[in-house]
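1. Got a sequence here, can you build the structure:
(chains A and B)
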Amino acid sequence: MYEMSPAWQAYYMETEPNRRAGLLQKLLKEEPDDGGNAWRWRLFSLRHFENGIRLPDIGELPAKGVPEPSCDRYLWQFVNITQIYNTSRLFKKSGEREIRQFFRECGFDEAISSGDIGEAALYREIRNAAKRYFNTCKGSEYRRTLFGLLSPGSADQKNQTCKDVWKMTFGVERRFGLSGTIRVWIKAVQDEYETENPAAAEQMEKLSGTM
Amino acid sequence: MEKLKQNPIVKKLGFNRIILFCILLLMYGVFSAVIPGFAGSARIMSILNYAYFLGFLALGVTFVIATGGIDFSIGPVMFCCALMAGYTLNTYGAPVIVTLLMSIAIGFAFGCFNGYLVAYVGVPPFIVSMATMNIAKGLGSVFTKTQSVSWPQANDPSGIGWFRNLVKVGDIPTGLIIFAIAAVALYIVMNNTRAGRYILCLGSNKEAVRLSGVNVRKWQMLAFVICGTMAGIAAIFFVSAYTTVQPGLGDTYNNEAIASCVMGGTSMAGGLASIGGTVIGVMVISLLQEGIMALRMTKEVQMIITGLIVIVFVYADVSARRRRN
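-> Numbers count the residues shown, from 1 in each chain, chains lettered A, B, ... in the order given. Sure, this is the predicted structure:
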């Protein structure tokens, strides 16, 4: 269901937003539309611009080309949803509301309800954001311990990443009783995580029993 | 034990916080049994007097620790605020309200200074706060010409001792009400506002937050500003409960405030903070101080015990993390 045409592979493997913007512009012009171009642009704009860029035809590019991305709202949600899980023990409703709002504002609901093509574009976009997130989890700044004095070992970092991935996927699904849209989010994040950590599925199952 | 941890109520309240609360009750029970008269109201007031200023320090430093940083200057900054404001009150006859606001402003300025150096210049928090600790001590000494400063008593004939009502009016511990309001307000800031979310996320994965387009410097600085301002407020509660402030001191309170946070469940790696846990941690430390004093142990013994507690809780935090991993 989520197959990707080879022409778009480079676009979805690239994690640097400016280079992605360049690739998007080039591919939208050069490649024949498989029906997903409108969604690729729509999701890119919702991800990288504060309120997305609204155009009369969502497949049409802005006249001056793709502007420089100003933010990464999907990447932010990887950290934010983990924190929502951590801080929502007492007030579940507000956490659930916040996650649903993200799904709505970042085009998740829209893309999924549009059919398979929209859903596939969304899945690829989330995986790309997940790839970018996992890159940040390998740096020396990630989870420094003892008030920022000590750099954690690679094993500690991997374990922490695993826990964070569980919280932002199965954790919030279970805590808030979410269904529907979240399934694409979980699948994309988990699939990308499996490329980083082949034992991911087994570890997630273990965490589901202990968390 | 695992079954207990999975209990929905225990999960909601937090297993660590429940354990810490049980420790608090147990300690109170033991001290009451061993020390005659410990359960009396005078002793409880004394515990609370200690808890107020330590509580404000601990609540403030919780924000910095949540970002994955540390502030070792809070104790001396609190003393510097109390010294400079008190000296201005005594020497220049400034109105009490002005000197109290001055105390908060000095704390705020220290917070800005620390925050700017950490967030915008990129100096590690450990180094910055160590340096600021010395600056605060030196500044307090220079400003007061190395003299200790005495704040007016509640029954001062000129009526300027009204600020002591902040901790106690008759038998009503007003300080407890103010501290509770502050704790609730900071809980909301930490858990229900954009600022709190950014601060927690910074401790969780700063690089991802930066790449998301968030101004990480601004929010990191804000954590230090909150911490400094709380040290200024702590100074007000310190002088409301005690009379004399001596220059060159205050660093022992760093350990106690940080220990309160860590034992309350705030992670030393950042990203996880518990305001409720910090409050219980403050009560544990305050009770312990009072208990040690009631047992007629010296200040030095108190310092040894507090130091050991910090080591035990830091070790417990590190080993729990290893075990979980």
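
2. Chain B contacts on chain A?
-> Within chain A, the positions near chain B by C-beta under 8 Å from any C-beta of the partner chain are A:70-73, A:75-76, A:78-80, A:82-83, A:86-87, A:89-91, A:94, A:132-133, A:136-137, A:139, A:141-149, A:152, A:155-156, A:159-160, A:163-164. Using the backbone N, CA and C atoms, a C-beta is placed for each residue, glycine as well.

3. Touching the one helix or strand B:Asn255 maps to from outside, list them.
-> B:Asn255 is located in helix B:252-263, with elements delineated by DSSP states H and E. Under the criterion C-beta atoms under 8 Å, 6 or more residues apart in numbering or on different chains, residues B:20, B:53-55, B:57-58, B:60-62, B:65, B:70, B:72-76, B:78, B:133, B:268, B:273, B:277-278, B:281-282, B:284-285, B:289, B:303, B:306-307, B:309-310, B:313-314, B:317 lie in contact with helix B:252-263.

4. Any idea which residue of chain A lies closest to chain B?
-> A:Cys71 (3.0 Å; C-beta to the nearest C-beta).

5. The stretch 101-250 of chain B: strands as residue ranges?
-> B:149-150, B:244-245 (DSSP state E, counting those that start in this stretch).

6. Which elements pack onto the first one?
-> Meaning strand B:149-150. Judged by 3 or more C-beta pairs under 8 Å, 6 or more residues apart in numbering or on different chains; DSSP states H and E, strand B:149-150 is in contact with helix B:74-92, strand B:244-245.

7. Look up the pLDDT of the residue in the stretch 1-150 of chain B that chain A sits nearest to for me, please.
-> Nearest residue of the stretch 1-150 of chain B to chain A: B:Ile70, at 3.5 Å (C-beta to the nearest C-beta). Predicted confidence (pLDDT) at B:Ile70: the value is 93.

8. now for the strand or helix carrying A:Ala188, which elements pack on it?
-> In this structure, A:Ala188 sits in helix A:182-196 according to DSSP H and E. If you count contacts as 3+ C-beta pairs under 8 Å, 6+ apart, helix A:182-196 packs onto helix A:92-105, helix A:108-114, helix A:116-136, helix A:154-166, helix A:172-176, helix A:200-210.

9. Apart from its neighbours in sequence, what residue is nearest A:Leu27?
-> In space, and not counting its chain neighbours, A:Leu27 is closest to A:Tyr11: 5.9 Å by C-beta to C-beta, 6 or more residues apart in numbering or on different chains.

10. Over to A:Val165?
-> Spatial nearest neighbour of A:Val165, excluding adjacent residues (C-beta to C-beta, 6+ apart): A:Tyr193 at 5.1 Å.

11. for B:Ser129, what are its contacts?
-> Taking C-beta under 8 Å, 6+ apart, one finds B:70-73, B:114 in contact with B:Ser129.

12. Count residues in the vicinity of the nearest residue to B:Gly69 once chain neighbours are set aside, would you?
-> Excluding its sequence neighbours, the residue lying closest to B:Gly69 (C-beta to C-beta, 6+ apart) is B:Pro125, at 3.6 Å. A total of 27 residues lie near B:Pro125 under the criterion other C-beta atoms under 10 Å in any protein chain shown.

13. B:Pro125 contacts A:Phe147, correct?
-> Yes: if you go by C-beta atoms under 8 Å, B:Pro125 and A:Phe147 touch, sitting 6.9 Å apart.
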